[in-house]
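> here is a sequence with its predicted model. Questions after.
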Protein chains: 2
Amino acid sequence: MIDAALIESLKTLVEPGKVLTDAASLESYGKDWTKHFAPAPSAIVFPKTIEEVQAIVRWANEHRVALVPSGGRTGLSAAAVAANGEVVVAFDYMNRILDFNTFDRTVVCQPGVITEQLQAFAEDKGLYYPVDFASAGSSQLGGNIGTNAGGIKVIRYGMTRNWVAGLKVVTGTGELLELNKGLMKNATGYDFRHLFIGAEGTLGFVVEATMRLERQPTNLTALVLGTPDFDSIMPVLHAFQDKLDLTAFEFFSDKAMDKVLARGDVPAPFDTRCPFYALLEFEATTDERADQALATFEHCVNEGWVLDGVMSQSDQQLQNLWRLREDISETISHWTPYKNDISVTVSNVPSFLREIDGIVGEHYPDFEIIWFGHIGDGNLHLNILKPDDLSKDEFFDKCKVVNKWVFETVAKYNGSISAEHGVGMTKRDYLTYSRSEAEIAYMKAVKAVFDPNNIMNPGKVIA
Amino acid sequence: MIDAALIESLKTLVEPGKVLTDAASLESYGKDWTKHFAPAPSAIVFPKTIEEVQAIVRWANEHRVALVPSGGRTGLSAAAVAANGEVVVAFDYMNRILDFNTFDRTVVCQPGVITEQLQAFAEDKGLYYPVDFASAGSSQLGGNIGTNAGGIKVIRYGMTRNWVAGLKVVTGTGELLELNKGLMKNATGYDFRHLFIGAEGTLGFVVEATMRLERQPTNLTALVLGTPDFDSIMPVLHAFQDKLDLTAFEFFSDKAMDKVLARGDVPAPFDTRCPFYALLEFEATTDERADQALATFEHCVNEGWVLDGVMSQSDQQLQNLWRLREDISETISHWTPYKNDISVTVSNVPSFLREIDGIVGEHYPDFEIIWFGHIGDGNLHLNILKPDDLSKDEFFDKCKVVNKWVFETVAKYNGSISAEHGVGMTKRDYLTYSRSEAEIAYMKAVKAVFDPNNIMNPGKVIA
């Protein structure tokens, strides 16, 4: 914890009332959606301008105070948790959209702009911001950029990275860098923009972002297809990708759907029960295109890859099909699940999944595994439900063992121990399963270049 | 120049005959397509494996020998020129496609694979590698990645960066890094892959790349539209982008087309002469889509933005329309042009272009300016033709002055002094027009992390 005199000097850098130290604020601004770390920041500071952010960073350098950036705090890797007396820099008051250009299709945003706010702004302009995920209603753009957020439309639109045309960052020395300036083409040396994207605030803080927008999709249409086994999902993906530009290709297991249906909020897609389901979405821009989708569906049935299926005929049906996938996370939260967010290349998914199933099943036959995820990206969300007869502590102790098996299997398949949630603190000590010692050494050296006093979100990503 | 004993020790690292020191090889492997620098390498070495590349880099560290990577040597910024006794590392014998995965749509390539070879391979697999440009027949993939090559389809498919799923690089210390491993989603700390892309070989050498492929475009169709002035091109772009996913949006001036038509190889698109022309391309996947394009064309005519136009009805017509744009470079090479490759945001293009026209016209009223470029990306190719009565030397002396004006104007518009050709040596000393002193200082520090002895392509990009 830092002392009262330091807090007073911090207060001189921002507007009156913009440094909080009350217990409730420390508690709520000191943590994200992870629950393993007790929040313990020294203070929360709310800058309103880039100059104030620079002043805070210079102050932190002078007094060797660690800073933790805070956005919507919806992170799942504890990258925005302040557990060690840090000062939290919260961007809630830097939440304005500053500019829009219709020819460039770009929006200049402060880092505290809520993801959904940007989506709504784009829609209002007849355009589309395509990065979307469950926490879009509270996550902030600065955090999306810091973690290179993914979500449900990555197969078509890519990660947050793809939509950042320009970035203003304040580095660990308080310097302001203006990276790429909204240009589409710029071959003038190292593209530091991409280094800061996904760096989880360890190199500097995002203080402004120029985001690109896209045309709105037309007549989005979803199919849910039931498959006889997991392997069949791959040729289905292949067949559809050949014919259509998919905007999503998700999957979930029968067990996952069971739990969602049991809540009674959404109807079953069709009567046939299948072990796995694929949800795919495309733009039915013309009747011809919709016919193409149906013909491909039929082809998949004839090949034995699909047992049954349905295609949405209305917006309501589209939404109902999506709920089968999107309601899973909330539904299973009731069982205090162990969660992991991992990826391998798409072609490796079936054998990878089978291997994990095998390992967990062998050692913990009473554990129920719920799989779902963005299979078009090779991104699997592994969820293990707590058996009712196990205490939370017992369950999570056993899951620690599972963690190791999962990461060993990820490493064996050359995969990623964090597909989209980031490293933060939760996966920091497992980083060697996905990055070599040499890479990690370079990461530390690069951090030292941009943050020589190690005050920017220290202890996150790398030790 | 390095001494004979060193050359002998270099020869022990590779297969017999894979170190060349004859005058013709030094001359041809020591330069790229730029002509301002006299090639003067000490030797050319041809590794065949990653291990050999590592051995060469370790040897270079030990003896403090500077290395220059060499691909197809089609660069336009002298990034692959060895003018100071360096050893050139040529990737001509690392030119194999190593693997292909149909589900992942990825190809594993050695760095010496020719761009066109990858395009042809993709086509053979029923897929598409969308990065394309004039030198695709000789440029190598390693060089494409080193310069983050762009080209004519960027508006739809982005730069080379977008297609690199994984990268193996040998850093300046000889360490092999395996970056991103072909994954679509990977949130495990700093994405060094993007740091190496566009670094022009100054941080390390690309020794293997996993490239993503796309589905093939369907029924590509082009329109050439004549506009009454440059400003009208912007609402035309806007109108078409609203309705269609454009695969290209190029422009050229009447003067440019004049020169191409004068060669007699390709017919005029229509009778009406206009000061500027836009060439746009889209996938006419259905008749409905083609009708939409025609309706938008009509709308543009009604608004007064377009005076005349034509839409291709066959592959032959498509190719003829493209030649109006693609033949410009070769056609005007006859006039020994001063060339510059610059970019601003799309919305700034009209006033930027007007300003440059004004400055050049005022000081050198007898200079003929030929504009063309990828206007959908804000990327302009400025070409000034040498008047017949000026000697080459006189002309290029005057152009040095133009350079300064151009870059000052680029800086004023927050643009890039190199949109897609890179910095190399030709633009190194102008880098401050596009990157701040702070950014350049960070670039030097980051280079020192990956290349502590400054042996990897020294003197390129940064001094």
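Noted; the coordinates are in hand.

> next, give phi and psi for residue A:223.
phi -120, psi 140 (degrees, to the nearest 10).

> my bad, should have said residue A:442
Residue torsions, per degrees, to the nearest 10, at residue A:442 are phi -70, psi -40.

> might you list the low-confidence residue ranges for the stretch 101-250 of chain A?
Judged against pLDDT under 70, the stretch 101-250 of chain A has no low-scoring part.

> is the residue in it that chain B sits nearest to part of a helix or strand, or is it coil?
Taking C-beta to the nearest C-beta, chain B has its nearest neighbour within the stretch 101-250 of chain A at residue A:194, 3.4 Å off. From N, CA and C alone the C-beta is placed, and that goes for glycine too. Secondary structure state of residue A:194, per DSSP: H, G, I helix; E, B strand; the rest coil, is helix.

> with adjacent residues omitted, what lies nearest to it?
Spatial nearest neighbour of residue A:194, chain neighbours left out: residue B:194 (3.4 Å); criterion: C-beta to C-beta, 6 or more residues apart in numbering or on different chains.

> quick one: residue A:296 is in a helix?
Yes: assessed with three-state DSSP, residue A:296 lies in a helix.

> so what's it up against?
A:239, A:240, A:243, A:244 (C-beta atoms under 8 Å, 6 or more residues apart in numbering or on different chains).

> what is the end-to-end distance of stretch A:209-216?
End-to-end span of stretch A:209-216 (C-alpha to C-alpha, to the nearest Å): 21 Å.

> rewinding a little: count the neighbours of the residue of the stretch 101-250 of chain A closest to chain B for me.
Neighbours of residue A:194 under the rule other C-beta atoms under 10 Å in any protein chain shown: 24.

> now swap in residue A:287 and tell me
Counted with other C-beta under 10 Å, residues neighbouring residue A:287 total 10.

> from chain B, how far out is it?
9 Å (C-beta to the nearest C-beta, to the nearest Å).

> so how far is residue A:82 from that residue?
For residue A:287, the distance to residue A:82 equals 55 Å [C-beta to C-beta, to the nearest Å].

> could you pull out the strands for the stretch 201-350 of chain A?
Remark: strands assigned in the stretch 201-350 of chain A by DSSP state E, counting those that start in this stretch are A:204-212, A:214-215, A:220-227, A:246-253, A:276-283, A:308-311, A:338-343.

> now render these as CSV, adding mean neighbour count.
Below are the strands of the stretch 201-350 of chain A laid out as CSV (neighbours: other C-beta atoms under 10 Å in any protein chain shown):
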stretch, mean neighbour count
strand A:204-212, 25
strand A:214-215, 16
strand A:220-227, 24
strand A:246-253, 23
strand A:276-283, 25
strand A:308-311, 19
strand A:338-343, 23
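
> I'd like these as CSV, with distance to residue A:352 appended.
Compiled in CSV, the strands of the stretch 201-350 of chain A are given as follows (distance: least, C-beta to C-beta, whole Å):
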stretch, distance to residue A:352
strand A:204-212, 33
strand A:214-215, 32
strand A:220-227, 17
strand A:246-253, 13
strand A:276-283, 15
strand A:308-311, 25
strand A:338-343, 8
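
> save those as CSV, and put in distance to chain B too.
Output for these, formatted as CSV (distance: least, C-beta to the nearest C-beta, whole Å):
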stretch, distance to chain B
strand A:204-212, 9
strand A:214-215, 7
strand A:220-227, 15
strand A:246-253, 10
strand A:276-283, 10
strand A:308-311, 19
strand A:338-343, 5
